[in-house]
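Q: The sequence and its predicted three-dimensional model are supplied below.
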Amino acid sequence: MKGDIIQTINHYKGNVEKIGIYAISDKGRLEVQELNLSKGGTLKYKRLRELNRKGEGIYFAPKDDLCNMLFLDDPKHLEELPCGTMVVETSPNKHQLHIPYIGDPQSKTNRTEFQKQLCRIYEADTGATYANHLRRLPSFYNQKYPDKPIIRILYTITNGESLTLEKLRGMVEEAKSKEHFTTLSNERKTRPRPPSIGRMKCWADFVVFKDDGEKDESRTDMRYVLYLLRMGVDEEEIRAKLSQESEEISERKRGRLEYYLSRTIKIAHEYMGL
């Protein structure tokens, strides 16, 4: 079973620079070592095995802000997993997924958002969506259960489509669009009558803010598109106005602007029943 540890480390190498390895019990958490995967290093296997036999659970987690690895705990199904996913059995019918993706390394904040979307797709534990959440290290006993099953790697997916940064961003964008649609539906029980006189409003007239005080550009985009549709503006002009007026939209939606414009207008149409 020691081979499972080596396989796990190799799975993370190239996607994560540093991992922390921990012994955890009701007495607390002990960081046994920090392992730099890019420089190599020796795992304190005998020390970890000794702690595990004394009742400590053995865990690990990335210590980087930027990396290319995602994680899910206790998914309800294992169908259509991305290529490269390592499936670990933590106890009978309980699993953890270690999912690399193709693209630039992302921050903990972004990876947490990605894991939330994957959690929804695979119906995984919503309490484990933090990007650097602790995960059980294969080859050790799972101290959670009286029979102490050994945590082991079942298999790694070697076919099908790999997960890409573009796909992950698309998932987040779609989720935000649905959230905006729901929020707008709740906020606007009745449609306001369009003004019969006065200037046409612009994007800046619809700016809304997040809880942290930052502008919520995507939600502002949706509010502006709804207004333009109610004013009878055609779709091509809406695309042009949004492209010109929405703050930093070319930078925010670099490489996927046309997709974003089409999706935003489509969702606005759905909201209005058009």
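A: Yes, it's here.

Q: which residues in the stretch 101-250 of the chain form strands?
A: Shown for the stretch 101-250 of the chain, the strands assigned by DSSP state E, counting those that start in this stretch span residues 135-136, 152-156.

Q: mind checking how far stretch 87-103 is from the chain centre?
A: 15 Å (CA atoms, centre = their mean, to the nearest Å).

Q: Chain neighbours aside, what residue packs nearest to I121?
A: M171 (7.9 Å; CB to CB, 6 or more residues apart in numbering). Any C-beta I mention is one placed from the backbone N, CA and C, and that applies to glycine too.

Q: Same check on Y101?
A: L163 (4.2 Å).

Q: Quickly note the distance from that neighbour to H98.
A: 12 Å (CB to CB, to the nearest Å).

Q: hey, what's in contact with both of those two?
A: L70 (CB atoms under 8 Å, 6 or more residues apart in numbering).

Q: Not counting sequence-adjacent ones, nearest residue to I5?
A: S139 (5.0 Å).

Q: How about M86?
A: H98 (4.3 Å).

Q: Thought D73 was touching the one you found, still the case?
A: No - taking CB atoms under 8 Å as the contact criterion, H98 and D73 are not neighbours in contact, 10.6 Å apart.

Q: what touches both of those two?
A: With CB under 8 Å, 6+ apart as the test, H98 and D73 both reach R135.

Q: about what we covered before: the residue nearest to Y101 contacts I102, correct?
A: Yes - here L163 reaches I102: they are 7.0 Å apart, a contact under CB under 8 Å.

Q: returning to that earlier point: pick the most deeply packed of the strands of the stretch 101-250 of the chain.
A: For the strands of the stretch 101-250 of the chain, the largest average neighbour count (mean count of other CB atoms under 10 Å) is found in strand 135-136, namely a mean of 24.

Q: What confidence value was assigned to K44?
A: With respect to pLDDT, K44 has a value of 94.

Q: And the helices in the stretch 151-274 of the chain, which stretches?
A: In the stretch 151-274 of the chain, the segments counted as helices under DSSP state H, counting those that start in this stretch are 165-187, 217-230, 235-245, 249-252, 257-272.

Q: just the ones you listed: most buried one?
A: helix 217-230 (a mean of 21).

Q: who does that helix touch, helix- and strand-wise?
A: helix 165-187, helix 235-245, helix 249-252, helix 257-272 (3 or more CB pairs under 8 Å, 6 or more residues apart in numbering; DSSP states H and E).

Q: what do you get if the cut-off is 7 Å, keeping everything else the same?
A: If contacts are counted by 3 or more CB pairs under 7 Å, 6 or more residues apart in numbering; DSSP states H and E, helix 217-230 sits against helix 165-187, helix 235-245, helix 257-272.

Q: Which of those helices has the lowest mean pLDDT?
A: Minimum mean pLDDT among these: helix 165-187, a mean of 72.

Q: got any ranges where the stretch 51-200 of the chain has weak pLDDT?
A: Of all residues in the stretch 51-200 of the chain, those with pLDDT under 70 make up the ranges 178-199.

Q: same thing but at 50, please
A: 189-197 (pLDDT under 50).

Q: Leaving out chain neighbours, which residue sits closest to the most centrally placed residue in the chain?
A: Nearest to the geometric centre of the chain sits F114, at 1.1 Å (CA atoms, centre = their mean). Once flanking residues are discounted, F114 sits nearest to L168: 4.5 Å by CB to CB, 6+ apart.

Q: Right, I'll call it a day here.
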